[in-house]
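J.: below: sequence and its predicted model.
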Amino acid sequence: MGERILGKKKVARQGMLENVMRQFDNAADILDLNPNIRKILEVTNNELVVHFPVRMDNEEVEVFTGYRVQHNNSLGPYKGGLRYHPTVDIDAARALAMWMTWKTSLAGLPFGGAKGGIKLDPAKYSSAEIERITRRFTYALGDNIGPELDIPAPDVNTSAQTMAWILDTYMSTKPPAERSTNTHVVTGKPIGAGGSEGRDRATGYGVYLNIRFWAKEKELSIKDQKFIVQGFGNVGYWVAHFLDRDGAILVAVQDQYGSICDEEGISVEKLHDYQKGNKGSIVDFPDADAIDNDEFFGLECDICIPAALGNQITAENSGGIKARLIAEGANGPTDIEAEEILLEKGVEIIPDILCNSGGVIGSYYEWLQNRNGEIWQLEEVMEKLEKKMKESFTRVVKTSRERKVDMRTAAFVIAIGRLEEAYIQRGIFP
Ligand SMILES: NC(=O)C1=CN([C@@H]2O[C@H](COP(=O)(O)OP(=O)(O)OC[C@H]3O[C@@H](n4cnc5c(N)ncnc54)[C@H](O)[C@@H]3O)[C@@H](O)[C@H]2O)C=CC1
Ligand SMILES: O=C(O)CCC(=O)C(=O)O
């Protein structure tokens, strides 16, 4: 926990772990959760920290630190992404692993929760170095991952290519008869390497669907809704793509390099093409104005979509937010203090464990196809995803109305309630 200055007051900065624990405690109190099950769920099952050496392009060896935290597997194998970022550490991995447990439970998937990654800034390494780092990390993880044990997927700064390297390395450690039957050790793979149609867009599509369902509840049309997106990577691009297709107007984007704005609307596809030729950055996009990063969350808009890192919406910037909806593409983008301020102002929040769950649902479909030797068409994947997202959204809204709580609390109550039921039905903690 660090410190930051808020006005003239010094306050403790909430880490993601503190946020997820407070969210858990709040829902556990409301549920009157069985105290034995509470003890189990508030800690992680396994935590792996590995230090592994990799030869760099200049022939020098660098030692990296990687993490895999497995929070809970009472509903099925551990599941969750791998992140390559300087902020990755054991507490970040713990928090993100816990969110995965709640997310898979809420979605009704036969998975538990895990998360991990490597503490590094990928921009500092060549593609060949990233490949070697990924392969050595996979060796270091060894049999702590596996298609029926713990199944990684992409997250920040990892991609389908990263998953293909992990798969290839994992396979190389297995006897010949097991090599072709283990493709579901990772999801989010390229299609040619056993990936599923639709997994690339599944998270963004899920965020878009949640916004659509919300708009329908409010009897609003998506057309002409103004939206801003923080993060223009896998999640941010795809949600912008689908909203734009329905006539919504992208007015501002922020990425790790800077922020741009155009009240008349930014072309999603032009920006995407520009970014590809600009080393992944949106900066200096010719058809929009550069703005200060600090202005971003306070811009005039209807919908705000944080789709980058955790703890981006804080007590410092939440007061200025003009949007009436925050659709959380990222994991943990809104801290606890900010959420209180926003709810007080009447801003609605579709919480991460619901809003971005399209990704892990898409991963589940990939895992099922690999496991059963099936290949589904894109339309089939998208239809199944929509049906599942609709069920989750409806259940969260219903619970939120019945219990008179906000959507995050409702989502947590459903997710934790399902885990409690599983433990009790097994007779472990009657
Ligand atoms: N990829 C997936 O399927 C899923 C991702 N998520 C969450 O969505 C978020 C984004 O993930 P991806 O799109 O996959 O990552 P990505 O690596 O594809 O894109 C990340 C984007 O965030 C931007 N960014 C990074 N640091 C930033 C900062 N300090 N300020 C503003 N922008 C910043 C980057 O420039 C980039 O545009 C993460 O929180 C991740 O955990 C959640 C569910 C599934
Ligand atoms: O697709 C998956 O397995 C997990 C994606 C992920 O890391 C997340 O939902 O935060």
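T.: Received the coordinates, thanks. Ligands and ions are numbered 1, 2, ... in the order given.
J.: in the stretch 101-250 of the chain, which spans are strands?
T.: Secondary structure of the stretch 101-250 of the chain (DSSP state E, counting those that start in this stretch): strands at 113-118, 150-154, 226-230, 249-255.
J.: redo these as a markdown table? Include mean neighbour count.
T.: From N, CA and C alone the C-beta is placed, and that goes for glycine too. Below are those laid out as a markdown table (neighbours: other CB atoms under 10 Å):
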| stretch | mean neighbour count |
| --- | --- |
| strand 113-118 | 30 |
| strand 150-154 | 27 |
| strand 226-230 | 25 |
| strand 249-255 | 24 |
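J.: please name whichever of these is nearest to ligand 1.
T.: Nearest to ligand 1, of all the strands of the stretch 101-250 of the chain, is strand 249-255, at 3.4 Å by CB to the nearest ligand atom.
J.: partners of that closest one, with directions?
T.: Paired neighbours of strand 249-255 in the sheet (DSSP bridges): strand 226-230 (parallel), strand 258-261 (antiparallel).
J.: for the record, mean pLDDT for the following helix or strand past the shortest one?
T.: The element immediately downstream of strand 258-261 (helix or strand, assigned by DSSP states H and E) is helix 268-276. Taken as a whole, helix 268-276 has a mean pLDDT of 98.
J.: buried ones in helix 268-276?
T.: 268, 271-272, 274-275 (16 or more other CB atoms under 10 Å).
J.: is the closest residue to residue 275 other than its chain neighbours in a helix, a strand, or coil?
T.: Nearest-residue entry for residue 275: residue 282, 5.5 Å, with adjacent residues in sequence omitted and distances by CB to CB, 6 or more residues apart in numbering. Three-state call for residue 282 (DSSP: H, G, I helix; E, B strand; the rest coil): coil.
J.: so how far is ligand 2 from residue 282?
T.: With distances taken as CB to the nearest ligand atom, to the nearest Å, residue 282 is found 23 Å from ligand 2.
J.: need phi/psi at that residue.
T.: phi -90, psi -10 (degrees, to the nearest 10).
J.: does it touch residue 274 like I think?
T.: Yes - using CB atoms under 8 Å, residue 282 is in contact with residue 274, at 7.3 Å.
J.: for the residue of the stretch 151-300 of the chain found nearest ligand 1, which residues are in contact?
T.: Going by CB to the nearest ligand atom, ligand 1 is nearest to residue 233 of the stretch 151-300 of the chain, at 1.8 Å. Shown in contact with residue 233 (CB atoms under 8 Å, 6 or more residues apart in numbering): 156, 255, 307-308.
J.: how about those residues in a markdown table, adding pLDDT and distance to ligand 2?
T.: As requested, these are exported to a markdown table (pLDDT from 0 to 100; distance: CB to the nearest ligand atom, whole Å):
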| residue | pLDDT | distance to ligand 2 |
| --- | --- | --- |
| 156 | 98 | 9 |
| 255 | 98 | 19 |
| 307 | 98 | 12 |
| 308 | 98 | 13 |
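J.: among the strands of the stretch 101-250 of the chain, which is nearest residue 194?
T.: Closest to residue 194 of those is strand 150-154 (CB to CB; 12.5 Å).
J.: which residues does the closest one contact?
T.: Identification of contacts with strand 150-154 by CB under 8 Å, 6+ apart yields 68, 70, 77-82, 111, 114, 116, 144-145, 160, 162-163, 166, 184-188, 234, 359-360, 363, 367.
J.: and it with strand 113-118, angle?
T.: Relative orientation of strand 150-154 versus strand 113-118 (axes from the mean of the first three to the mean of the last three CA atoms, to 10 degrees): 60 degrees.
J.: sorry, back to before: now, the contacts of strand 150-154 that are in helices?
T.: 160, 162-163, 166, 234, 359-360, 363, 367 (DSSP state H).
J.: for the stretch 101-250 of the chain, just list every one of the helices.
T.: Taking DSSP state H, counting those that start in this stretch to define them, one finds helices in the stretch 101-250 of the chain at 127-141, 160-172, 176-179, 199-217, 234-245.
J.: let me have the ones you listed in JSON lines, adding mean pLDDT as columns.
T.: Shown next, in JSON lines, are these (pLDDT from 0 to 100):
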{"stretch": "helix 127-141", "mean pLDDT": "98"}
{"stretch": "helix 160-172", "mean pLDDT": "97"}
{"stretch": "helix 176-179", "mean pLDDT": "86"}
{"stretch": "helix 199-217", "mean pLDDT": "98"}
{"stretch": "helix 234-245", "mean pLDDT": "98"}
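J.: need those in JSON lines (columns: distance to residue 19).
T.: Output for these, formatted as JSON lines (distance: least, CB to CB, whole Å):
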{"stretch": "helix 127-141", "distance to residue 19": "27"}
{"stretch": "helix 160-172", "distance to residue 19": "27"}
{"stretch": "helix 176-179", "distance to residue 19": "40"}
{"stretch": "helix 199-217", "distance to residue 19": "20"}
{"stretch": "helix 234-245", "distance to residue 19": "19"}
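J.: of all these, which lies closest to residue 348?
T.: Nearest of these (CB to CB): helix 199-217, 7.2 Å.
J.: who's in contact with residue 85?
T.: By CB under 8 Å, 6+ apart, the residues touching residue 85 are 117, 119-122, 156-157, 309.
J.: state the pLDDT value of it.
T.: pLDDT at residue 85 comes out at 98.
J.: cool, the one 5 residues further on as well?
T.: Each residue has a pLDDT score; the one for residue 90 is 97.
J.: give the burial count for the spatially closest residue to it that is not a sequence neighbour, as a bare number.
T.: Distances taken as CB to CB, 6+ apart place residue 67 nearest to residue 90, at 6.0 Å, with adjacent residues excluded. For residue 67, the neighbour count with other CB atoms under 10 Å is 26.
J.: touching, residue 67 and residue 88? I think so.
T.: Yes - between residue 67 and residue 88 there is a contact at 6.4 Å, judged by CB under 8 Å.
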